[in-house]
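A.B. asks: Need the 3D shape of this:
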Amino acid sequence: MSIYVGNLSYDATQEDLNQVFAEYGTVKRIQIPTDRETGRMRGFAFVEMETEAEEAAAIEALDGAEWMGRDLKVNKARPREERGPSSGGWGGNRGGSSRRY
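C.D. replies: Got it, this is the predicted structure:
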């Protein structure tokens, strides 16, 4: 399982997060998603700790804590939802025109 860390400063780095979470145990992995177009951080991250007890301690201590000028939102990450086909693009008959061949 991993921890969701939201409302992050856009200046936060993996090293910054590692330093903060290492106070509560062994950090196995940190993932900071970036915007596809700009390459800029999206304001949240995922942190994996060695044990569930370490994750619980980090969540308890850091949820709502002020860090780098922002109040962190820290909780257990939910599993990624499977998304169906996108509603945009070329599929479907959403444009209102019906073609007959």
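A.B. asks: List the contacts of Leu72.
C.D. replies: With contact set as CB atoms under 8 Å, 6 or more residues apart in numbering, Leu72 has these partners: 5-8, 62-66. C-beta: built from backbone N, CA, C; applies to glycine.
A.B. asks: Can you select the buried ones from these in ChimeraX?
C.D. replies: The following ChimeraX line selects those of the contacts of Leu72 that are buried, judged by 16 or more other CB atoms under 10 Å:
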select :5,8,62
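A.B. asks: Of the contacts of Leu72, which belong to strands?
C.D. replies: Within those, residues falling in strands by DSSP state E are 5-6, 66.
A.B. asks: Next, the contact list for Met41, please.
C.D. replies: Listed by CB under 8 Å, 6+ apart, the contact set of Met41 reads 8, 10, 12, 32-35.
A.B. asks: The closest residue in space to it that isn't next to it in sequence: how many residues sit nearby?
C.D. replies: Nearest non-adjacent residue to Met41, counting by CB to CB, 6 or more residues apart in numbering: Tyr10, 5.2 Å away. Other residues near Tyr10 come to 10 when the count uses other CB atoms under 10 Å.
A.B. asks: Return the member of the ones in strands among the contacts of Leu72 nearest to Val20.
C.D. replies: Val5 (9.1 Å; CB to CB).
A.B. asks: Quick check: the gap between that closest one and Gly69.
C.D. replies: Going from Val5 to Gly69 by CB to CB, to the nearest Å gives 15 Å.
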